[in-house]
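Novice: structure, please.
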Amino acid sequence: MTFNENADRDMAIMNVAHAITSDLRKCLLQHEFASFAVPGGTTPGPIFDAMSSVEIDWDRVHVMLTDERWVPEDHARSNAGLVKARLLTGNAAAAKFISFYREGMSADEAAPDVAAALSGEMPISVLLLGMGTDMHTASLFPGAPGVERAMSRDAPLVCAVAPEDQPEGRITLSAPALDGAMDKHLVIFGDEKRAAFEKAQTLPPSEAPIAAVISGGTVHWAA
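Specialist: Numbering: from 1, shown residues only. Model prediction:
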């Protein structure tokens, strides 16, 4: 694992955008397409903005989420809505987007269907992750109903989880699916998240899910 300290958040955003687009270019030199898994939340938006105008073969990039809140894509809390508004614009509008949400189905009901849609995208070519101060990543929340299955070695590709402190259920790529990505990038900002990440290295994955998926990856930090 590599830990990169950046002078400030603007520099971190630029460096992460450059690193990811470089990884995508390298993948496309060797493969027909590149799968790119991205999170929701507040951190990735500026990174998406920086990437959307970059000139690569976006029509050969398949974008998916690391996890999704189980709400329609036009809902304010939809991760898909964020990705479509901030990443899949400009040059990147040519990318293929693989949606998780299934109208009329619960997250539990939809998980096998989403997994089938993603099976040909594995292993993930490039993975972008965020992390909460509770050391969760994607929707792998410590102790949440459903997360034990998602963290297990034989977990299915996609799992439904139901964090008790969240207003809706979620669907997430499992820990093995995330950890199997070819190139992994974690972005964290602030001293509190840095301390949480350092603490995660001393805890079992059940208490610190980020520790289960970042081996061999690059951590990008700025105050």
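Novice: show me where this protein has its strands.
Specialist: Under the criterion DSSP state E, the chain contains strands at 2-5, 34-38, 61-65, 67-69, 96-97, 126-129, 158-161, 170-173, 183-189, 218-222.
Novice: quick one: contacts for the residue lying closest to Ala160 once chain neighbours are set aside?
Specialist: Nearest non-adjacent residue to Ala160, counting by C-beta to C-beta, 6 or more residues apart in numbering: Ala107, 3.8 Å away. For every residue, glycine as well, the C-beta is placed using N, CA and C. By C-beta atoms under 8 Å, 6 or more residues apart in numbering, Ala107 lies in contact with Trp70, Ala160, Val161, Ala162, Gly169, Arg170, Ile171.
Novice: now the strands of the chain in JSON lines, with mean neighbour count, mean pLDDT and distance to Ser152?
Specialist: JSON lines is the format used below for the strands of the chain (neighbours: other C-beta atoms under 10 Å; pLDDT from 0 to 100; distance: least, C-beta to C-beta, whole Å):
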{"stretch": "strand 2-5", "mean neighbour count": "12", "mean pLDDT": "97", "distance to Ser152": "27"}
{"stretch": "strand 34-38", "mean neighbour count": "26", "mean pLDDT": "98", "distance to Ser152": "20"}
{"stretch": "strand 61-65", "mean neighbour count": "22", "mean pLDDT": "98", "distance to Ser152": "21"}
{"stretch": "strand 67-69", "mean neighbour count": "26", "mean pLDDT": "97", "distance to Ser152": "17"}
{"stretch": "strand 96-97", "mean neighbour count": "16", "mean pLDDT": "98", "distance to Ser152": "29"}
{"stretch": "strand 126-129", "mean neighbour count": "26", "mean pLDDT": "98", "distance to Ser152": "19"}
{"stretch": "strand 158-161", "mean neighbour count": "26", "mean pLDDT": "97", "distance to Ser152": "9"}
{"stretch": "strand 170-173", "mean neighbour count": "28", "mean pLDDT": "97", "distance to Ser152": "13"}
{"stretch": "strand 183-189", "mean neighbour count": "22", "mean pLDDT": "98", "distance to Ser152": "20"}
{"stretch": "strand 218-222", "mean neighbour count": "20", "mean pLDDT": "98", "distance to Ser152": "25"}
